[in-house]
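Visitor: the sequence and its predicted three-dimensional model are supplied below.
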Amino acid sequence: MKKILKTIGVLLLPVFLFLNVWQVFSYRMMESEITEMEKQQKEMLEENKRMIIGIEFLRNPARLEKVAEEQLDMERVSSRNIVRITVPVGGDDG
């Protein structure tokens with residue numbers, strides 16, 4: 001009986017060693033994958049920041065006025081020269 005237990009113990013030792021090495025390998029692979037994903041996330045955040053800054057630059061009223069004047073040959077008009085027309089929506093008039 002003791003001989004069988006010793007034999008089983010000797011045979012299980014490499015199996016446990018292999019399982020331990022496999023677990024460490026698996027952990028390292030996941031760790032490197034997580035590190036790569038974190039790096040990718042940081043790059044995406046930086047790109048997002050640059051895009052937001054670009055959008056804010058394009059929406060700048062001073063820039064829009066400059067583009068309107070220089071490229072579209074538009075000019076600012078005074079508010080008394082603006083006529084507003086209100087059209088009723090819906091109703092029985094058709």
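Guide: Cool, got the structure. Keep in mind that what you see is a predicted model, and the values were worked out from it rather than measured.
Visitor: spatially central residue for this structure, please.
Guide: The chain has residue 44 as the residue nearest its centroid, 5.0 Å off, counting by C-alpha atoms, centre = their mean.
Visitor: could you name the specific helix or strand carrying it?
Guide: For residue 44, the host element (DSSP states H and E) is helix 2-58.
Visitor: helix or strand next in line after that helix, which one?
Guide: For helix 2-58, the succeeding helix or strand toward the C-terminus, using DSSP H and E, is helix 61-70.
Visitor: coming back round to it: quick one: the helix holding residue 44 to helix 61-70, angle?
Guide: In terms of direction (axes from the mean of the first three to the mean of the last three C-alpha atoms, to 10 degrees), helix 2-58 departs from helix 61-70 by 50 degrees.
Visitor: quick one: least confident helix or strand in this protein?
Guide: In the chain, the helix or strand scored least confidently by mean pLDDT, DSSP states H and E is helix 61-70, which has a mean of 86.
Visitor: and that helix, what does it pack onto?
Guide: Contact partners of helix 61-70 among helices and strands, from 3 or more C-beta pairs under 8 Å, 6 or more residues apart in numbering; DSSP states H and E: none. (Each C-beta comes from the backbone N, C-alpha and C, glycine too.)
Visitor: alpha carbons only: can I get it in CSV?
Guide: What follows is helix 61-70, C-alpha atoms only, in CSV (Å, rounded to 0.1, in the frame of the first residue of the first chain):
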residue,chain,number,x,y,z
PRO,A,61,-16.8,82.0,-33.7
ALA,A,62,-13.8,84.1,-34.7
ARG,A,63,-12.6,81.4,-37.1
LEU,A,64,-16.1,81.0,-38.5
GLU,A,65,-16.4,84.7,-39.1
LYS,A,66,-13.0,84.8,-40.8
VAL,A,67,-14.0,81.9,-43.1
ALA,A,68,-17.3,83.5,-43.9
GLU,A,69,-15.6,86.8,-44.8
GLU,A,70,-12.5,85.5,-46.6
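Visitor: what sits up against that helix?
Guide: Identification of contacts with helix 61-70 by C-beta atoms under 8 Å, 6 or more residues apart in numbering yields 57, 74, 75, 76.
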